[in-house]
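S.K.: Requesting a structural model of the entry that follows:
(one chain, ligands or ions: 1)
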Amino acid sequence: MPEKKVRVRFAPSPTGPLHIGGVRTALYNYLFAKKQGGNFILRIEDTDSQRFVPGAEAYIIEAFQWLGIAFDEGVHKGGPYGPYRQSERQSIYQKQVNQLVENGRAYLAFDTPEELEAKRKEFPNFQYDASTRLQMKNSLSWSEKETKDWMDAGKQYVVRIKIEPDKIITVQDMIRGEIKVNSSIIDDKVLYKSADQLPTYHLANIVDDHLMEITHVIRGEEWLPSAPLHVILYNYLGWTDSMPQFAHLPLLLKPEGNGKLSKRDGDRLGFPVFPLQWNDPQSGENSSGYREKGYLPEAVINFLALLGWNPGDDREILSMEEMIALFTLEKCSKSGAKFDYKKGEWFNHQYIQLKSNEEIATMFLPDVRHRLEPASNVEYDKIVKIVGLVKERITFVQDLWEQTAFFFIAPTRYDEKAVKKRWKEDSPAQLTELAALLASLDDFTAHPTEEKVMNWIDSKGYSLGNIMNAFRLALVGESKGPHIFDITEIIGKKEVMKRINTAISVLPCTV
Ligand code: GLU
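M.R.: Numbers count the residues shown, from 1 in each chain. I've put the predicted structure just below:
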């Protein structure tokens, strides 16, 4: 029999912004699909009306667009297995709900939320299952007439799966191997709610995986507890033979390694846990995103790929194509991966170095324009050169202004410590001489200028350090910055003269 075409899906519930762990799950699905020549599908699991958040679906789509993870089918793309939004598939699930009830695999339950709450208060370990269901209000404990009357009156109900107790359920997981669970620990989960006229996640997820011919379900570890229930449901629906293979990815852990990564860790340590900025429509709370923080999408992808997977050697910088070629679930780890956000910053630094100066300059340009007088003339070529000089020192494009502001704006103040240390008694006289020398130069490019200045210092027997330190102070306002003659070439003769003169007139003659 020919192998089935690989089909995997990412199936988020639009309950808020996409967590970075979800992005990693989607990425692994994508890498797996592309490696196997398969299809990757985006399905929106929005059957829980209580938890639906407007804008979340659009956010998810935008995040993947930014990250460069493309779907072959999905809610935003369409495809032969649509619709891809569960709320639009209402009529599809009805058949399976009815089938399960008719076959005695599920039953109707009439307990109100208040009654269930009261039960849980009375028995803290209460579980709706074989040991308790006959004490509850449902079609198994009631007579047919009672049930019929309730239904005829059009009252609300749910459908619950009927779990047979004390059966050993075996889950085969591609990462974790064989997992055996006693069915008695699983409760009679709600599969359908008449109030929404929609199935819950548990049923819709399986019906859709089946109908969409999903071959592999790669999901986060937090869904591992539902895997035995899913195995039971496939069995009840008669679909065991076409059940997808499961793989549950390891958890993302706090940077310190103790417990699951949460938004609070990001707030505490100052890193985003969402791909894009998110303004919560309900609370108004604003959460930062990798994009707005200045991360390059390639860096985020590379960083996430290695949190729970390795390429089999110690390579760290990998392009999407390389990751696709190397990706296997066998190389995913079982144990949680510490979310080392500093490593994420390291990746961003590396990816900035891999970009051309032109690309970085294009990203930096709006920031420069925004900070300068609207009328000022910003030369793109000049920015390209500046970027080339300081790229090595930055982690984010946003760091560029801090590193380069002096190229655009003459110092308005001088660092006090640097003045004390670097501005000597004879600095004004020496810089006056230097200014005269510079004024006489026709070629102001770095090399010839440097040569002329060096010869002059030599012939005068001045201290190279003293001159250069004072000169830098005059140009930059502090002791930082790239090679001094790269600075002079870029800011130009007129500006250099102006800055020397200002320093001489502003800084003290004797310190
Ligand atoms: N809708 C579930 C979620 O929000 C899907 C889990 C799964 O991949 O099956 O994550």
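
S.K.: Around the residue nearest to residue 464 when sequence neighbours are not counted, how many other residues sit close by?
M.R.: In space, residue 464 comes closest to residue 457 once its chain neighbours are excluded; the distance is 5.5 Å by C-beta to C-beta, 6 or more residues apart in numbering. In this view, the C-beta of every residue, glycine as well, is placed from N, C-alpha and C. The number of residues packed near residue 457 is 18, by other C-beta atoms under 10 Å.

S.K.: does residue 457 sit in a helix or strand, and which one?
M.R.: Using DSSP states H and E, the element containing residue 457 is helix 446-460.

S.K.: What of residue 508?
M.R.: Per DSSP H and E, residue 508 falls between elements, in no helix or strand.

S.K.: next one: phi and psi at the closest residue to it other than its chain neighbours?
M.R.: Of all residues beyond its chain neighbours, the one nearest residue 508 is residue 423 (7.3 Å), with distances taken as C-beta to C-beta, 6+ apart. In terms of degrees, to the nearest 10, the main-chain angles of residue 423 are phi -90, psi 100.

S.K.: Could you report the neighbour count for residue 423?
M.R.: 22.

S.K.: That one against residue 467, yeah?
M.R.: No: Residue 423 lies out of contact with residue 467 (C-beta atoms under 8 Å); the separation is 11.6 Å.

S.K.: And the pLDDT for the residue nearest to residue 508?
M.R.: We have a pLDDT of 95 for residue 423.

S.K.: For the ligand, see how far away it is.
M.R.: 62 Å (C-beta to the nearest ligand atom, to the nearest Å).

S.K.: near the ligand, which residues of this structure show up?
M.R.: Residues of the chain lying near the ligand by C-beta under 6 Å from any ligand atom: 11, 12, 13, 45, 201, 205, 219, 223.

S.K.: May I have the secondary structure class of residue 192?
M.R.: Here residue 192 is recorded as strand under DSSP: H, G, I helix; E, B strand; the rest coil.

S.K.: Thought residue 202 was touching it, still the case?
M.R.: No: assessed by C-beta under 8 Å, residue 192 is found out of contact with residue 202, at 9.6 Å.

S.K.: same for the helix holding residue 457, what does it pack against?
M.R.: Counting contacts by 3 or more C-beta pairs under 8 Å, 6 or more residues apart in numbering; DSSP states H and E, helix 446-460 is packed against helix 427-439, helix 464-476, helix 484-491.

S.K.: CA atoms of that helix as CSV?
M.R.: Provided in CSV are the C-alpha atoms of helix 446-460 (Å, rounded to 0.1, in the frame of the first residue of the first chain):
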residue,chain,number,x,y,z
ALA,A,446,39.8,57.8,6.4
HIS,A,447,43.1,56.5,5.2
PRO,A,448,44.9,59.6,3.8
THR,A,449,43.5,61.7,6.7
GLU,A,450,44.8,59.2,9.3
GLU,A,451,48.3,59.1,7.6
LYS,A,452,48.5,62.9,7.6
VAL,A,453,47.5,63.2,11.2
MET,A,454,49.9,60.4,12.3
ASN,A,455,52.8,62.1,10.6
TRP,A,456,51.9,65.4,12.2
ILE,A,457,51.8,63.8,15.7
ASP,A,458,55.1,62.1,15.0
SER,A,459,56.8,65.2,13.8
LYS,A,460,55.6,67.2,16.8
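
S.K.: In the stretch 151-300 of the chain, mark out all the strands, start to finish.
M.R.: With DSSP state E, counting those that start in this stretch as the criterion, the stretch 151-300 of the chain has strands at 158-161, 168-173, 177-182, 190-193, 198-199, 216-220, 245-249, 252-253, 278-279, 286-287.

S.K.: Tabulate the ones you listed (CSV), appending mean pLDDT.
M.R.: Formatted as CSV, those follow (pLDDT from 0 to 100):
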stretch, mean pLDDT
strand 158-161, 98
strand 168-173, 97
strand 177-182, 97
strand 190-193, 97
strand 198-199, 94
strand 216-220, 97
strand 245-249, 97
strand 252-253, 97
strand 278-279, 96
strand 286-287, 94
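
S.K.: Can I take it that residue 494 is in a strand?
M.R.: No: under three-state DSSP, residue 494 sits outside any strand and is assigned helix.

S.K.: Based on its surroundings, how many neighbours for it?
M.R.: There are 10 residues near residue 494, going by other C-beta under 10 Å.

S.K.: Let me know the distance separating the residue nearest to residue 464 from the ligand.
M.R.: 67 Å.

S.K.: Helices of the stretch 301-450 of the chain, start to end?
M.R.: Assigned by DSSP state H, counting those that start in this stretch, the stretch 301-450 of the chain shows helices spanning 320-326, 341-354, 357-371, 380-390, 400-408, 416-422, 427-439, 446-460.

S.K.: Can you lay out those helices as TSV showing distance to residue 152?
M.R.: As requested, the helices of the stretch 301-450 of the chain are arranged in TSV below (distance: least, C-beta to C-beta, whole Å):
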stretch	distance to residue 152
helix 320-326	57
helix 341-354	58
helix 357-371	65
helix 380-390	74
helix 400-408	71
helix 416-422	86
helix 427-439	98
helix 446-460	91
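
S.K.: Tell me what the closest residue to the ligand within the stretch 151-300 of the chain is bridged to.
M.R.: The stretch 151-300 of the chain approaches the ligand most closely through residue 219 (3.6 Å), counting by C-beta to the nearest ligand atom. Listed by DSSP bridges, the beta-bridge partners for residue 219 are residue 248.

S.K.: Could you pull up the residues touching it?
M.R.: Going by C-beta atoms under 8 Å, 6 or more residues apart in numbering, residue 219 touches 11, 25, 246, 247, 248, 249.

S.K.: what's the closest non-adjacent residue to the first one?
M.R.: Read that as residue 11. residue 43 is the one closest to residue 11 (C-beta to C-beta, 6+ apart), at 4.6 Å.

S.K.: one step back: counting neighbours around each, name which of residue 192 and residue 202 comes out higher.
M.R.: residue 192 (28 against 18).
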